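S.K.: heads up, no residue letters with this:
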């Protein structure tokens with residue numbers, strides 16, 4: 001066995017920008033390419049906006065302007081007090097420097113660690129900052145965190161405030177593009193949480209006057225709520241809630257204006273307080289699942305010196321409202337038990353609707369209770385004997401697992417032995433599992449959850465994911481549909497999407513569902529091999545490699561050898577996230593595409609098929625079914 005020397009030469013010291021550029025994930029989470037709202041380029045925007053929002057919260061500057069150019073250059077201008085001119089350079093380039101350490105000035109701010117803006121600076125090809133205070137302006141320019149030019153303060157007639165412009169570094173964020181919908185939703189969340197604040201995004205005005213009530217009404221465009229939104233608020237806390245007819249629970253949680261996409265102690269306390277209050281009001285010990293199923297709600301609280309579980313601040317770890325204050329759990333329970341109970345006493349019609357919904361859920365749950373136990377036992381036996389699930393060494397039930405490991409845990413849903421066989425041989429055994437479907441799954445649109453337990457394939461799938469009782473037991477962070485790029489494969493993809501949207505929409509809303517993109521063509525000569533994901537890429541590759549190039553069309557995943565497959569499910573794996581836009585109504589979406597074959601649907605398919613058949617090569621044309629549900633849910 002060879003031994004590596006370990007001495008003083010092995011110990012390295014990095015300056016702040018070198019460390020950020022070497023380990024960007026520690027500061028902004030995953031990098032990504034802009035296809036997911038949690039990708040790094042959106043975190044960069046958030047880190048700058050958080051500081052501008054804190055200025056507004058402190059009572060300075062009611063307007064923030066954001067512009068993103070075609071080349072991906074981000075420009076943000078607020079009209080707060082402006083960074084003190086003598087500290088402009090330090091605040092964007094000297095780690096652990098900022099005004100947030102003075103808790104008297106920023107008691108309940110989002111950015112507390114003095115890191116965010118420096119991370120943006122270090123991860124940008126170009127970074128410009130200037131501050132205006134009382135007729136004077138100070139400006140500085142950086143490249144990859146390195147100070148290039150430090151201007152002396154000069155007179156200016158601009159309004160007070162801070163301007164930051166940055167261009168994400170293409171060597172770190174490779175092939176990135178900003179999705180305007182993700183940016184706009186990010187800004188709307190800021191607006192909902194800061195009534196009176198006006199944001200301008202590429203000249204579009206974004207403003208909310210009713211806080212979380214507006215947020216739920218905006219989300220309700222994609223839901224059919226059973227009763228008018230309950231909107232309650234007090235010092236440092238605000239909530240809005242209603243119920244829909246969909247399965248699952250839907251929450252939007254915030255701390256100090258920060259969207260905590262992974263929840264945390266405040267969301268756990270909120271869900272607990274809702275159950276306790278409902279039980280007390282109706283004087284009956286209803287099951288937790290019957291109370292919370294189909295709920296659509298938002299909760300926002302203010303916490304002094306909040307502790308988050310990561311620099312990206314997506315999950316709250318604080319247990320107390322303030323260092324010397326009451327617990328978040330007590331604070332939440334006091335508010336909900338008083339405000340919500342009083343509301344229900346004053347609004348009997350709403351209370352009746354909620355009770356009816358709880359009883360409906362209870363009835364359905366008891367109807368399937370008998371077959372559920374049998375189905376679970378069958379699933380355990382079938383999973384072993386049929387080898388439906390080829391598990392990985394790590395899964396989410398491992399409480400000792402690190403967060404980084406949890407994020408990597410993945411399950412591929414495939415169809416057929418050949419496809420699952422190729423992926424199984426190529427996969428990373430530690431983190432990647434395989435679930436193999438047998439034929440096309442049932443079109444479960446419009447069916448009750450009872451069918452999930454009665455249908456062997458669907459029951460085995462939910463059992464493999466461990467989501468029978470909700471997403472809290474989800475065994476894999478990434479659920480990936482891996483189907484062939486032909487008509488049958490696309491149909492299977494649609495049926496699986498329908499299953500999740502019908503019974504487990506939370507899986508989609510919380511960003512766990514993906515589509516695996518694999519190459520359609522392989523173009524190669526003796527010197528080089530190029531994998532192509534479209535007709536255009538194939539043409540370009542053929543032109544590059546010349547007349548001697550050999551072109552192979554992969555008609556199914558099983559035709560891709562395990563050695564080749566390793567490239568497509570490794571570090572550079574192309575995953576298209578399945579997301580639900582604000583305007584999408586799941587019921588209407590599934591009715592149109594997966595319901596009865598109406599005249600309108602027939603015309604849609606015929607019109608789109610005609611477009612497909614006009615392409616250069618008919619062999620690559622796939623009917624509009626390929627695009628239908630995928631386009632609607634923004635794959």
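M.R.: Done, it's in. Please read all numbers here as calculations on a predicted model, not as lab measurements. Numbering: from 1, shown residues only.

S.K.: give me the number of residues near residue 483?
M.R.: Number of residues near residue 483 (other C-beta atoms under 10 Å) recorded here: 25. In this view, the C-beta of every residue, glycine as well, is placed from N, C-alpha and C.

S.K.: Could you list which residues are in contact with it?
M.R.: By C-beta atoms under 8 Å, 6 or more residues apart in numbering, residue 483 lies in contact with 414-415, 489-490, 492-493, 496, 557.

S.K.: quick check, nearest of these to residue 587?
M.R.: residue 496 (18.3 Å; C-beta to C-beta).

S.K.: Quick check: that closest one touching residue 413?
M.R.: Yes: counting by C-beta atoms under 8 Å, residue 496 does reach residue 413; the two are 6.2 Å apart.

S.K.: Which strand in this protein has the most residues?
M.R.: In the chain, assigned by DSSP state E, the strand with the most residues is strand 124-133.

S.K.: What strands line up against it, and which way round?
M.R.: Using DSSP bridges, the strands paired with strand 124-133 are strand 136-143 (antiparallel), strand 161-168 (antiparallel).

S.K.: need the ones you listed in a markdown table with mean neighbour count, can you?
M.R.: Listed next are the strands paired with strand 124-133 as a markdown table, based on neighbours: other C-beta atoms under 10 Å:
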| stretch | mean neighbour count |
| --- | --- |
| strand 136-143 | 19 |
| strand 161-168 | 22 |
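
S.K.: Looking at the ones you listed, which is nearest to residue 33?
M.R.: strand 161-168 (10.8 Å).

S.K.: So which residues make contact with that closest one?
M.R.: By C-beta under 8 Å, 6+ apart, strand 161-168 touches 40-41, 44, 48, 51-52, 55, 61, 71-83, 92, 117, 120-121, 123-132, 176.

S.K.: Select only the buried ones of those residues in ChimeraX?
M.R.: Applying 16 or more other C-beta atoms under 10 Å to the contacts of strand 161-168, the buried members can be selected in ChimeraX as follows:
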select :40,41,44,48,51,52,55,61,72,73,74,75,76,77,78,79,80,81,82,83,92,117,120,121,123,124,125,127,128,129,130,131,132,176
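
S.K.: Leaving out sequence neighbours, find the closest residue to residue 437.
M.R.: Closest residue to residue 437 apart from its sequence neighbours, by C-beta to C-beta, 6 or more residues apart in numbering: residue 415 at 4.5 Å.

S.K.: what sits against that neighbour?
M.R.: 436-440, 483-484, 489, 492.

S.K.: likewise residue 526?
M.R.: Contacts of residue 526 (C-beta under 8 Å, 6+ apart): residue 548.

S.K.: Whichever strand or helix holds residue 451: which residues count as buried?
M.R.: Per DSSP states H and E, residue 451 falls inside helix 450-454. Within helix 450-454, the residues scored as buried using 16+ other C-beta under 10 Å are 451-453.

S.K.: Repeat that for stretch 473-491.
M.R.: Neighbour-count burial for stretch 473-491 flags 474-486, 489-491 (criterion: 16+ other C-beta under 10 Å).

S.K.: same deal with stretch 143-154?
M.R.: Neighbour-count burial for stretch 143-154 [16+ other C-beta under 10 Å]: 144-145.

S.K.: likewise stretch 226-242?
M.R.: Those would be 226-227, 229-232, 236-242, for stretch 226-242 by 16+ other C-beta under 10 Å.

S.K.: Also stretch 438-450?
M.R.: Neighbour counts over stretch 438-450 (16+ other C-beta under 10 Å) mark 441-445, 447, 449 as buried.

S.K.: Going toward the C-terminus from the helix holding residue 451, what's the next helix or strand?
M.R.: Downstream of helix 450-454, the first helix or strand assigned by DSSP H and E is helix 456-465.

S.K.: residues making contact with that next one?
M.R.: For helix 456-465, contacts defined as C-beta under 8 Å, 6+ apart pick out 375-376, 378-380, 382-383, 388-389, 411, 413, 435, 437-439, 441-442, 444, 451-453, 468, 474-476, 479, 499, 503-504.

S.K.: and the angle for the helix or strand that contains residue 49 with strand 124-133?
M.R.: In this structure, residue 49 sits in helix 40-57 according to DSSP H and E. When axes from the mean of the first three to the mean of the last three C-alpha atoms, to 10 degrees is applied, the directions of helix 40-57 and strand 124-133 differ by 10 degrees.

S.K.: for this protein, longest helix please?
M.R.: Longest helix of the chain, by residue count under DSSP state H: helix 348-385.

S.K.: Remind me what it packs against, helices and strands.
M.R.: strand 237-243, helix 265-282, helix 288-292, helix 328-346, helix 450-454, helix 456-465 (3 or more C-beta pairs under 8 Å, 6 or more residues apart in numbering; DSSP states H and E).

S.K.: So for that helix, mean pLDDT?
M.R.: Averaging pLDDT along helix 348-385 gives 82.

S.K.: Quick check: buried residues in that helix?
M.R.: Buried residues in helix 348-385, defined by neighbour count with 16+ other C-beta under 10 Å: 350-351, 353-355, 357-358, 361-362, 364, 368, 372, 375, 378-379, 382-383.

S.K.: Would you mind putting the buried residues of stretch 226-242 into CSV with pLDDT and distance to residue 209 alongside?
M.R.: Formatted as CSV, the buried residues of stretch 226-242 follow (pLDDT from 0 to 100; distance: C-beta to C-beta, whole Å):
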residue, pLDDT, distance to residue 209
226, 92, 25
227, 94, 22
229, 95, 14
230, 96, 18
231, 96, 12
232, 96, 17
236, 90, 20
237, 94, 19
238, 95, 14
239, 96, 17
240, 96, 14
241, 95, 19
242, 95, 19
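
S.K.: Select, from those residues, the two members most distant in space.
M.R.: Spatial extent of those (C-beta to C-beta) is set by the pair 226 and 236 at 29.1 Å.

S.K.: end to end, how far does stretch 148-158 reach?
M.R.: 24 Å (C-alpha to C-alpha, to the nearest Å).
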